[in-house]
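1. here you go, sequence then predicted model.
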Amino acid sequence: MRIVVIAPHNDDEILGVGGTMAKYAKQGHEVIVCEVTAGDLEDEMVQLQKREAIASHELMNVKTHFMDLPVVGLREMKTTELNAAFQRHMQELQPDIVFLPHKGDMHIDHRMTIEAVMVALRPVSLPNLKAIYAYETLSETDWNTPSVDNSFIPTLFVDITDEMETKLEAMKCHASQLCEYPHPRSLEALRALAMHRGSTVCRKYGEAFMVIREVQ
């Protein structure tokens, strides 16, 4: 199978799907991270973050696909242009399973991403798509204004006990984004969330997702 993980920013995919990506890759599936946004491509920090993303993905035997759309600028794009960009890239990638950010995340890029990518993932456009899952992102999913619409309610749990250390090593590759605890984007917080999600289903470590669509 081909699994595509939609990441609005470099490192979102490790925070939310890192263990599951590693598990799929170990099972022999093709895993591709679709990095949506980037800043000025001539900027040294942007290039550093891209190198960090590639290094983290190589560690897990995962591929990287850059869309290079404007960071914190998706809402400035015309809706038709944004939708067309996702439509083009999803047609190119032809995923069997897609992981995307939660629609209640705080960052505007996350919300714009999910709205546009869901247009591209309509059954009429990708009839062979088997499943779409939403993931949680530390400091985004949990920081937005609380409401029924913003709530992340997991309905799928993946045991990542054997992949937990790989997930943390992959996150270490994102040195420019990693923070000290108690910041949520820290190794300690990442492990704590995995412990919580795992214990929900009596596993040592886990990742949780919301099922958006599944075709059996």
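-> Right, received. Where do you want to start?

2. from here on, contacts and neighbour counts on C-alpha atoms
-> Noted.

3. need the residues that contact stretch 115-125.
-> When contacts are defined by C-alpha atoms under 8 Å, 6 or more residues apart in numbering, stretch 115-125 is touched by residues 82-84, 86-87, 90-91, 103, 126, 129.

4. how about a cut-off of 6 Å?
-> With contact meaning C-alpha atoms under 6 Å, 6 or more residues apart in numbering, stretch 115-125 is reached by 83, 86-87.

5. would you mind stating the distance between the nearest residue in space to Glu180 that is not next to it in sequence and Val119?
-> Distances taken as C-alpha to C-alpha, 6 or more residues apart in numbering put Ser186 closest to Glu180, at 5.5 Å, once the chain neighbours are dropped. Using C-alpha to C-alpha, to the nearest Å, Ser186 is found at 33 Å from Val119.

6. of the two, who's got more company?
-> More crowded of Ser186 and Val119, by other C-alpha atoms under 10 Å: Ser186, with 20 against 14.

7. for that one, which residues are in contact?
-> Going by C-alpha under 6 Å, 6+ apart, the list of residues near Ser186 reads 178-180.

8. so which residues of the protein form strands?
-> Secondary structure of the chain by DSSP state E: the strands cover 2-7, 30-38, 63-70, 97-101, 131-135, 156-159, 206-214.

9. in JSON lines: these, plus mean pLDDT, mean neighbour count and distance to Met45.
-> Formatted as JSON lines, those follow (pLDDT from 0 to 100; neighbours: other C-alpha atoms under 10 Å; distance: least, C-alpha to C-alpha, whole Å):
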{"stretch": "strand 2-7", "mean pLDDT": "98", "mean neighbour count": "24", "distance to Met45": "18"}
{"stretch": "strand 30-38", "mean pLDDT": "97", "mean neighbour count": "22", "distance to Met45": "10"}
{"stretch": "strand 63-70", "mean pLDDT": "97", "mean neighbour count": "16", "distance to Met45": "14"}
{"stretch": "strand 97-101", "mean pLDDT": "98", "mean neighbour count": "25", "distance to Met45": "24"}
{"stretch": "strand 131-135", "mean pLDDT": "98", "mean neighbour count": "23", "distance to Met45": "26"}
{"stretch": "strand 156-159", "mean pLDDT": "98", "mean neighbour count": "18", "distance to Met45": "33"}
{"stretch": "strand 206-214", "mean pLDDT": "98", "mean neighbour count": "20", "distance to Met45": "30"}
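
10. so who does Gly39 touch?
-> So Gly39 contacts 46, 70-71 (C-alpha under 6 Å, 6+ apart).

11. same question for Met1.
-> Contacts of Met1 by C-alpha under 6 Å, 6+ apart are 29, 96.

12. make residue 1 into 843 and carry on from there
-> Sure thing, new numbering starts at 843, so read that last one as Met843.

13. coming back round to it: out of the contacts of Ser1028, flag the one nearest to Phe1051.
-> Of all those, Leu1020 has the smallest distance to Phe1051: 22.8 Å, by C-alpha to C-alpha.
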